[in-house]
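Colleague: Got a predicted structure here, sequence first:
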Number of protein chains: 2
Amino acid sequence: MSSANLTTHELDSPPWLRVESTLMSTARLLRVAFDARLAALDLNLTQASLLGYVAEFGTTTQTDLADHLGIGRAAIGSVIDRLQARGLVERQPKTDDRRVWLVAITDSGRELTAHVAEVDEVLRAELRHGIGREERQALAWVMTRLQQNLATAIATTVPTSTTRISTTSTGEQQ
Amino acid sequence: MSSANLTTHELDSPPWLRVESTLMSTARLLRVAFDARLAALDLNLTQASLLGYVAEFGTTTQTDLADHLGIGRAAIGSVIDRLQARGLVERQPKTDDRRVWLVAITDSGRELTAHVAEVDEVLRAELRHGIGREERQALAWVMTRLQQNLATAIATTVPTSTTRISTTSTGEQQ
DNA sequence: GCAATACTGTATGGCATCGTACAGTATGTG
DNA sequence: CACATACTGTACGATGCCATACAGTATTGC
């Protein structure tokens, strides 16, 4: 079974990483699940998110898009490239700022978005199974709080910066 | 410097992906945070997890390790390569099965694990800030449940063309 | 014994993302 | 107006992971 191993490995993983690894693997499964369902539309989660965002909020700059989807400006470029190549979005010049592209959804993109929304709705219904409304809200709240703490933790991490950790040897394995 | 963009993009992301993207970005931040703290030890989260697992549960095969850490067999190999190159773990042949390597922790690996545990403890204390015990437990419970639903959803995804969710056989013609 | 099958680890190529550096453009300051 | 600074999108290389294909080894069936 080459499919992502779906073993509930949180049960016997080292206790000092239990929550972390559960979160990580849940995120991975989430991506796999969406990607699998979206594969029928030849989209992955990132592409679908971008499409949905543009469909809902209209034309936006790439930087804006990158911020909202939580990935970098460099990465968003290639995502747009592919969607544009398929005619799902288009880049329009912005008249008063020639640095930026405005990313707009096309008709066929809008059409596809409807299918995406459908897939999304179905999948999310399945994921809600056995989980109450308050529990979902609590989950969202705790994770938001966790994000704040994470941001603080990252910001206050002692800059290992200059140490650079010197890759030293390690270089070649093999 | 180098600060990952920590924008709280969950607030205005497309509603039909809100929970999903929150989970994804939380996972990303979690990895970034751990990686940043572990950078002082020249480890990333995956390496630290592997080290911790071997330290706690003793020698294991690579396949076993891959399953428990939730990544593939191919990926685990290179992780072990690097740890081995630094003398933190070692590969021991298994006498009664010459296909497999038993991955064992070394003395210096065990020593480093103590530091890892320390980093982990500090960071987790920071992450708990403002989050009650029951809330954490609720989080863990919901995510476990979510994982089950995800696993089911993935398994029941209609195989698009070549997508082989199928069980064992069928794989190669032959 | 021998062939078929299953399993383990590795090599290879691909993908998504990151981080850095860069050229083009806008905006602010003197 | 000239210059410095900030911002946008892109190019490039690196990383971590995956899926596939493969060789070596074990196991099973006859």
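Modeller: Perfect, I can see it now.
Colleague: SS state for the residue nearest the centre of chain A?
Modeller: When chain A is reduced to its mean C-alpha position, the nearest residue by Cα atoms, centre = their mean turns out to be A:Thr46, at 5.4 Å. Using DSSP: H, G, I helix; E, B strand; the rest coil, the secondary structure recorded for A:Thr46 is helix.
Colleague: what pLDDT does the residue nearest to it when sequence neighbours are not counted get?
Modeller: Using Cβ to Cβ, 6 or more residues apart in numbering or on different chains and skipping residues adjacent in sequence, the residue nearest A:Thr46 is A:Val79, 5.8 Å away. (C-beta placed from N, C-alpha, C; glycine too.) pLDDT for A:Val79: 96.
Colleague: How about A:His9?
Modeller: If you check A:His9, the pLDDT there is 39.
Colleague: and if you look at A:Glu20?
Modeller: In this model, A:Glu20 is scored at 71, pLDDT.
Colleague: nearest spatial neighbour of it, skipping sequence neighbours?
Modeller: In space, and not counting its chain neighbours, A:Glu20 is closest to B:Leu30: 6.0 Å by Cβ to Cβ, 6+ apart.
Colleague: I'd guessed the one you found sits against A:Thr22; true?
Modeller: No: in this structure B:Leu30 lies outside contact range of A:Thr22 using Cβ atoms under 8 Å: 10.5 Å.
Colleague: overlap in contacts of the two?
Modeller: Common neighbours of B:Leu30 and A:Thr22, using Cβ atoms under 8 Å, 6 or more residues apart in numbering or on different chains, do not exist here.
Colleague: Tell me which of these two has more neighbours.
Modeller: Regarding B:Leu30 and A:Thr22, a neighbour count based on other Cβ atoms under 10 Å in any protein chain shown identifies B:Leu30 as having more, with 25 against 22.
Colleague: Pretty sure the more buried one sits in a helix.
Modeller: Yes: with three-state DSSP as the criterion, B:Leu30 is located in a helix.
Colleague: ok now do it, which residues does it touch?
Modeller: B:Leu30 is in contact with A:Glu20, A:Leu23, A:Met24, A:Leu146, A:Leu150, counting by Cβ under 8 Å, 6+ apart.
Colleague: Can you redo those as TSV, where the extra columns are neighbour count and distance to B:Gln62?
Modeller: As requested, the contacts of B:Leu30 are arranged in TSV below (neighbours: other Cβ atoms under 10 Å in any protein chain shown; distance: Cβ to Cβ, whole Å):
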residue	neighbour count	distance to B:Gln62
A:Glu20	22	22
A:Leu23	21	24
A:Met24	23	20
A:Leu146	25	32
A:Leu150	24	31
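Colleague: nearest to A:Ala74, of those residues?
Modeller: For A:Ala74, the closest of those turns out to be A:Leu150, at 22.7 Å, with distances computed as Cβ to Cβ.
Colleague: Would you mind measuring from that closest one to B:Leu45?
Modeller: 13 Å (Cβ to Cβ, to the nearest Å).
Colleague: and the nearest residue to A:Gln147 once chain neighbours are set aside, what pLDDT?
Modeller: For A:Gln147, the nearest residue in space outside its immediate sequence neighbours is B:Thr26; the separation is 5.4 Å by Cβ to Cβ, 6+ apart. At B:Thr26, the predicted lDDT confidence score is 83.
Colleague: got a list of what B:Thr26 touches?
Modeller: Applying Cβ under 8 Å, 6+ apart, the residues contacting B:Thr26 are A:Leu23, A:Ala27, A:Met143, A:Leu146, A:Gln147, A:Leu150.
Colleague: Pass me the low-pLDDT residue ranges in chain A, would you?
Modeller: Per-residue confidence for chain A (pLDDT under 70) gives these ranges: A:1-18, A:158-174.
Colleague: Which parts of it are helices?
Modeller: Listed in chain order, the helices found in chain A under DSSP state H are A:18-38, A:45-57, A:62-69, A:73-85, A:107-127, A:133-155.
Colleague: Mind listing what's buried along the shortest one?
Modeller: By neighbour count on 16 or more other Cβ atoms under 10 Å in any protein chain shown, the buried set for helix A:62-69 is A:Gln62, A:Asp64, A:Leu65, A:Ala66, A:Asp67, A:His68, A:Leu69.
Colleague: Would you mind measuring from the fifth one to A:Met143?
Modeller: Computed with Cβ to Cβ, the distance linking A:Asp67 and A:Met143 is 19 Å.
Colleague: which bits of chain A sit near DNA strand C?
Modeller: A:44, A:46, A:70-75, A:78-79, A:96-99, A:174 (Cβ under 7 Å from any atom of the strand).
Colleague: Could you identify the most distant pair in these?
Modeller: A:Asp96 and A:Gln174 (54.1 Å).
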